[in-house]
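Enquirer: sequence and predicted structure are below.
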Amino acid sequence: MPAEPLEESLFLREAQIMLGERIKQLREGRGWSQDTFAHLAGLNRAYPHRLETAKVDMRFTTLLKIARVFGLSPAEFMQFDDVGQCPQRQPSEQ
């Protein structure tokens with residue numbers, strides 16, 4: 001049975017917040033400012049703040065750029081173990 005629209009929206013929002021936390025953790029772990037990170041990833045200098053605060057939903061190509069800058073595969077980049085767990089759906093919601 002598909003998730004209700006509100007449940008789906010909350011799930012996506014939580015995932016977006018966790019992704020922003022992951023980006024911030026990786027960036028700060030390397031001692032990079034948001035400006036430095038933006039330059040290295042080829043992003044607008046305001047974009048890292050918007051990602052880290054979950055104000056935008058990034059495109060897949062941006063995700064790939066960011067993973068590359070951190071020296072991670074997309075799968076490694078999407079591991080949320082260090083910032084908590086990625087929101088999990090119950091089997092009935094999948």
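Expert: Yep, that arrived.
Enquirer: show me where pLDDT drops low in the chain?
Expert: By pLDDT under 70, the low-scoring segments of the chain are 1-3, 81-94.
Enquirer: centroid residue for it?
Expert: residue 19 (2.4 Å; C-alpha atoms, centre = their mean).
Enquirer: contacting residues around that one?
Expert: Shown in contact with residue 19 (C-beta atoms under 8 Å, 6 or more residues apart in numbering): 51, 54, 58, 78, 80. C-betas here are computed from N, CA, C, even on glycine.
Enquirer: same question, residue 67
Expert: Listed by C-beta under 8 Å, 6+ apart, the contact partners of residue 67 are 73, 74, 76, 77.
Enquirer: pull the contacting residues for residue 40.
Expert: Residue 40 makes contact with 32, 69 under the criterion C-beta under 8 Å, 6+ apart.
Enquirer: quick check: it vs residue 26, distance?
Expert: Look at residue 40 and residue 26: by C-beta to C-beta, to the nearest Å, they are 12 Å apart.
Enquirer: repeat that for residue 4.
Expert: According to C-beta to C-beta, residue 4 and residue 26 sit 33 Å apart.
Enquirer: highest neighbour count among the contacts of residue 19?
Expert: Using other C-beta atoms under 10 Å as the neighbour criterion, residue 51 leads those with 27 neighbours.
Enquirer: of all the contacts of residue 19, which comes closest to residue 10?
Expert: Nearest to residue 10, judged by C-beta to C-beta, of these is residue 54 at 12.6 Å.
Enquirer: residues touching residue 35, list them.
Expert: Per C-beta under 8 Å, 6+ apart, neighbours of residue 35: residue 45.
Enquirer: now do the buried residues in the helix or strand harbouring residue 17.
Expert: For residue 17, the element it lies in under DSSP states H and E is helix 5-29. Within helix 5-29, the residues that qualify as buried are 15, 16, 17, 18, 19, 20, 21, 22, 23, 24, 26, 27, counting by 16 or more other C-beta atoms under 10 Å.
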